[in-house]
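Enquirer: fold the following for me, if possible:
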Amino acid sequence: MNTRYYDLIAKITQWDHEYYVLDDPTVSDAEYDSSFRELLQIESAQPELITPESPSQRVGASPIQDYIKIEHSVRMLSLSNAFSLEETYAFFEKAAKELNIDSVSFNVYSEPKLDGLAISIYYEGGHLVYAATRGDGQVGEDVTHTIKTIKSIPLKLSADQPPKRIDIRGEVFMPKQAFEKLNRLATENNSKVFVNPRNAAAGSIRQMNPKIAAERDLQFIPYGMGTYEGDKAFTKHSDIMGYLHSLGFKLNPHCFNFVGTFDNFTQNYDFMAQHRSELPMEIDGIVYKIDDLTLQNQLGFIARSPKWAVARKFPAQNESTQLLAVDFQVGRTGVLTPVARLAPVFVGGVTVSNATLHNMDEIERLGLCIGDEVEIQRAGDVIPKVVKVISVGSERMPITMPDNCPVCQSIVERTEGQASFRCTGGLTCGAQSAERIKHYASRKFMNINNLGTKLIEVLYDTGKLKTIADIYQLKSEDIADLEGQGIKSAQNVLDSIESSKTTKLGTFIGALGIHEVGEESAKTIAKHFCNLEAISHATLEDLMAVPDIGPVMAKNIEHFFKDNTNQQIIADIIDAGVTWPDEIPPSPNEQPLLGQTWVLTGTLEKLTRIEAKEILEKLGAKVAGSVSKKTDCVVVGKEAGSKLKNAEALGIKTLDENAFLETFKLS
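Expert: Predicted coordinates:
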């Protein structure tokens, strides 16, 4: 037995742990390199000694050919998002109510939400067996070959008596410094740069060649575990995190355990927002989890998200850059939207080169010209926007709306009384036709699953789709003959189209893409008129009698149904077999608050805000976010603020929670 070889493995593994996990190196680079070279020399002379735990095995010898699918032993969940302290607190209020707890009196564990790639790492007897991506939560891709290159992931767990089986879940990420270095080298070599650290980490892990991943200084931090078969018994999530640290894993910085009062959530969020920029990695929010595992198990999960954890997302981040040019995009309703072309800038987690300018009024308000230095704002997945002009350019160029549509060359006109400019080409404009089809088929409306935007574009370009009615005339060969398609995928599309034929009236009205008629407006119209015949023959006065339908929307609806081309398209769709039941008008007894506007304020004790809102909407009321002269009543909870004062000043009726529940026999 070569004791020197095993001594070297133990020493180098310990040094890696001190450097990559504890951030506390105890040996010089020269001594580390010398020992690593000696290890390689022994393995070269005696290859039969090489073990999977050897530090030399972190970089594979050759790329893999393809990914293997791995089924997770315990499903990997995603998280619900909250975008304010009120939403965060309401999430745990709802959990407390379900647990029959009077208030949010349980402990909450908070940890920075790393902006990386979720990974599951499976160990047996302390030895790393495989690693897999989240995938769809049930099945992921085998990425063991690249995970082994990450030195903050132990190949063998640091435990005298390791668990028989353990599945550790966590986040692979690229530190800010490593990301900047990677893109700097890419720029110097004229190769592709990554848009953000998350994409860089994900791209590195999904490399076929592990040597490339090994060069990118990736790190891993656990956030929990799935399968566990061992001697330890855990009662708290914080206990699990301490245990994972004892096994050799790095801990997430700035984790806290506190009683979930509103004030504590506020203090925790303010602290993390203040110290966010000091962290060596990008974070996009804070994850809050109920610490007590018994309470977690009682709550369980809904769909793909746990009912005991939520991600509080950070707001927008702002950066400055130069406005290089402005293009005009034509939307599905013909509106021309100015889009800023920017000198690329890293903001809110991605590299931004385009931003919306909304309309010409916004450009005028900003005093914006091409060549100016501008401030860009981005929040999560929201489209970046230009916030303000920081300094004017030396050679400024004014931004003007084109006289003709950039797609079909039809005349562009301004809508009377509005900021928008529209192409007058209507259904003859290619941009509008394709976008209308995408809108119609989208998940929110007709939900034609397998008819995606790219396939719609190809079918439109080949002349197979010109209007939304053409969807129902598609044949298998129209799709199967396209590049990247086939008979099976074509049949999947046709099956999705067939499934979409049974729908609801409100969904169909929304799918038609009438200007300014969104999902909720379409439902309101359907419930008011009950059938398509009544909607299509409604006058301007009839439409304006519908709650929340103003003169502009009413005019758009009337104009749409008076158009002979639109009427023919609808007739073709109905002839193709698309059906829906007529709406049944609610009785006055079912909706006693129909036509009324209610407001909720303060903290409710017996209901969450979401539950109260749902109750009011079922009773027929519209629930508004602010108090005005049109408000009929305000439901007042504890610590009510300005909304209550406004209601009292306007003489508007108020009810406390108990009176509200008693009035509608809900207690």
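
Enquirer: the longest strand in this protein is where?
Expert: strand 317-330 (DSSP state E).

Enquirer: what strands flank that strand, and is each parallel or antiparallel?
Expert: If you go by DSSP bridges, strand 317-330 pairs up with strand 336-347 (antiparallel), strand 373-378 (antiparallel).

Enquirer: tell me where the stretch 101-250 of the chain has strands.
Expert: Using DSSP state E, counting those that start in this stretch, the strands of the stretch 101-250 of the chain run over 107-114, 117-124, 127-133, 139-141, 165-173, 219-229.

Enquirer: so which of these gets nearest Thr579?
Expert: Among the strands of the stretch 101-250 of the chain, the nearest to Thr579 by CB to CB is strand 139-141 (36.1 Å). In short, each C-beta sits where N, CA and C put it, glycine included.

Enquirer: in the closest one, what's buried?
Expert: Gly140, Glu141 (16 or more other CB atoms under 10 Å).

Enquirer: how about stretch 214-230?
Expert: Per 16+ other CB under 10 Å, stretch 214-230 contains these buried residues: 214, 216-226, 228.

Enquirer: turn those into JSON lines, columns for distance to Ser442 and pLDDT.
Expert: Converted to JSON lines, the buried residues of stretch 214-230 look like this (distance: CB to CB, whole Å; pLDDT from 0 to 100):
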{"residue": "Ala214", "distance to Ser442": "42", "pLDDT": "83"}
{"residue": "Arg216", "distance to Ser442": "37", "pLDDT": "86"}
{"residue": "Asp217", "distance to Ser442": "40", "pLDDT": "88"}
{"residue": "Leu218", "distance to Ser442": "36", "pLDDT": "93"}
{"residue": "Gln219", "distance to Ser442": "38", "pLDDT": "94"}
{"residue": "Phe220", "distance to Ser442": "37", "pLDDT": "96"}
{"residue": "Ile221", "distance to Ser442": "37", "pLDDT": "96"}
{"residue": "Pro222", "distance to Ser442": "37", "pLDDT": "96"}
{"residue": "Tyr223", "distance to Ser442": "33", "pLDDT": "96"}
{"residue": "Gly224", "distance to Ser442": "34", "pLDDT": "95"}
{"residue": "Met225", "distance to Ser442": "38", "pLDDT": "94"}
{"residue": "Gly226", "distance to Ser442": "34", "pLDDT": "92"}
{"residue": "Tyr228", "distance to Ser442": "41", "pLDDT": "94"}
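
Enquirer: low pLDDT regions in the stretch 401-550 of the chain?
Expert: Low-confidence segments of the stretch 401-550 of the chain, defined by pLDDT under 70, are located at 426-428.

Enquirer: strands of that one, start to end?
Expert: 412-414, 421-423.

Enquirer: so which elements touch the last one?
Expert: When contacts are defined as 3 or more CB pairs under 8 Å, 6 or more residues apart in numbering; DSSP states H and E, strand 421-423 sits against strand 336-347, strand 412-414.

Enquirer: switch the cut-off to 6 Å
Expert: strand 412-414 (3 or more CB pairs under 6 Å, 6 or more residues apart in numbering; DSSP states H and E).

Enquirer: give me the contacts around the strand it packs on.
Expert: Contacts of strand 412-414 with the rest of the structure, by CB atoms under 6 Å, 6 or more residues apart in numbering, involve Cys405, Phe421, Cys423, Thr424.
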